[in-house]
Structures are given as C-alpha cells and as structure tokens.
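# predicted coordinates and the sequence they were generated for:
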Amino acid sequence: MLSAEEHWQLRVKLQVAMRVLKEETCPECGYPIWLCHSSLDTVQWEVEWSTCYANAAVEEAKKLQENKRHLSSGETPHAVFDHELGDWPTRQAGLESM
Ligand SMILES: [Zn+2]
C-alpha cells in the first residue's frame, strides 16, 4: 500500500510521462516524433499495408446504409467485437496472425 506521499509522487511521474508521451508522439503517424521527423540518413521508411477489419466492417455497413436510410443526427456506426465465434484471441495470437 502506497503512502499518500508515495501516491502523489507516482501520480506526478505518471503525469510527466503522459505529457512526454503526447508531446513526442507524431499526430500524423503515431511514431515517436524524434524518429519520424528525423532527417538522419540512417532513418529510412518503408510502407507496409495492413487491414483493420473493424474499420472494414464499418465501411461495409456505411455502404449498405447509404442505400437504405440516412443516419440520424449524431448517429455513427462503430465496430463492436463479435463474440459469436469466441472471445478475443490472446495478444500473441493476434500479433502472429498479422
Ligand atoms: Zn510522423
């Protein structure tokens, strides 16, 4: 159990860490800004394609929706995990399937 002082010190450290993380994360690509904005010759980039199947499901729903009805004001489709085939895979299984 943390004392009030230890809790306060930990909270300050976490706030500093979050601020640094936000400040150093590129809003465009999500990589550390010191890396993706670096002009060093040793920093090179490649493009890999990946599919977000959650967004794909939302895009498909939007296409189907366009033909049926207009969305209500404030209504936004979003992806929800379908548990019909089971629970979430482990992080490791998900990473290995990419
Ligand atoms: Zn970037």
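Cool, the structure landed.

# neighbours around C52, how many?
The local packing of C52 (other Cβ atoms under 10 Å) involves 10 other residues. The C-beta positions use only the backbone N, C-alpha and C, and glycine is treated the same way.

# just the pLDDT at it, thanks.
We note a pLDDT of 93 for C52 in this prediction.

# state the distance from it to E66.
C52 sits 20 Å away from E66, going by Cβ to Cβ, to the nearest Å.

# host element of the nearest residue to V43 once chain neighbours are set aside?
Residue nearest to V43 in three dimensions, not counting chain neighbours: L35, with 6.5 Å by Cβ to Cβ, 6 or more residues apart in numbering. Taking DSSP states H and E as the definition, L35 sits inside helix 33-36.

# can you tell me how far N67 sits from S38?
In this view, N67 and S38 are 47 Å apart by Cβ to Cβ.

# the two - which one has more neighbours?
S38 (12 against 6).

# what kind of secondary structure is that one in?
Using DSSP: H, G, I helix; E, B strand; the rest coil, the structure places S38 in coil.

# equivalent analysis for the one 4 residues further on, please.
Local secondary structure at T42 is given as coil here, using three-state DSSP.

# how many neighbours does it have?
Neighbours around T42, by other Cβ under 10 Å: 5.

# ditto for the one 4 residues further on
Counted with other Cβ under 10 Å, the burial measure for E46 works out to 4 neighbours.

# what's the distance between it and the ion?
Here the criterion is Cβ to the ion, to the nearest Å. By it, E46 lies 14 Å from the ion.

# quick check, that residue in a helix?
No - looking at E46 with three-state DSSP, it is coil, so not inside a helix.

# tell me the predicted confidence for it.
93.
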